[in-house]
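*Asks:* coordinates only, no sequence provided:
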């Protein structure tokens, strides 16, 4: 499976830094992945929905750690590029966060 496109939609919220849309094999798209400022730096969260007990459950997620790492790396790389294009917002994120 090839990741053929990653689109980043920057947000200006306390912990939510961006939404990501990822296309696989030019044939399948996943919306609403999140770039979140976690306790130890930036993390990528998979799309999820709230279930009856009030918790959240991922609706799509990588099965292997290898693919998860590749996906996170590409999303954070595109996030960094989008921040650089946006100007002043880029000053709020430090290079060591990546």
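*Replies:* On my side now, so go ahead. Just so it is clear, the structure is predicted and the values come from calculations on it, not from any experiment.

*Asks:* C-alpha only now, for contacts and for neighbours.
*Replies:* Will do.

*Asks:* state the mean pLDDT of the longest strand along the chain.
*Replies:* Ranked by residue count and defined by DSSP state E, the top strand of the chain is strand 28-38. For strand 28-38, the mean pLDDT works out to 95.

*Asks:* what's the spacing between it and its chain's center?
*Replies:* 4 Å (Cα atoms, centre = their mean, to the nearest Å).

*Asks:* which element follows that strand toward the C-terminus?
*Replies:* Note on strand 28-38: by DSSP states H and E, the next helix or strand toward the C-terminus is strand 41-45.

*Asks:* run through who's touching that following strand.
*Replies:* Defining contact as Cα atoms under 8 Å, 6 or more residues apart in numbering, one finds that strand 41-45 is touched by 33, 34, 35, 36, 37, 72, 75, 76, 97, 98.

*Asks:* now that strand: buried residues?
*Replies:* Neighbour counts over strand 41-45 (16 or more other Cα atoms under 10 Å) mark 42, 43, 44, 45 as buried.

*Asks:* adding distance to residue 55 and neighbour count, write the contacts of strand 41-45 out as TSV.
*Replies:* TSV is the format used below for the contacts of strand 41-45 (distance: Cα to Cα, whole Å; neighbours: other Cα atoms under 10 Å):
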residue	distance to residue 55	neighbour count
33	17	20
34	17	24
35	19	25
36	18	18
37	20	18
72	23	17
75	25	25
76	26	21
97	28	11
98	28	12
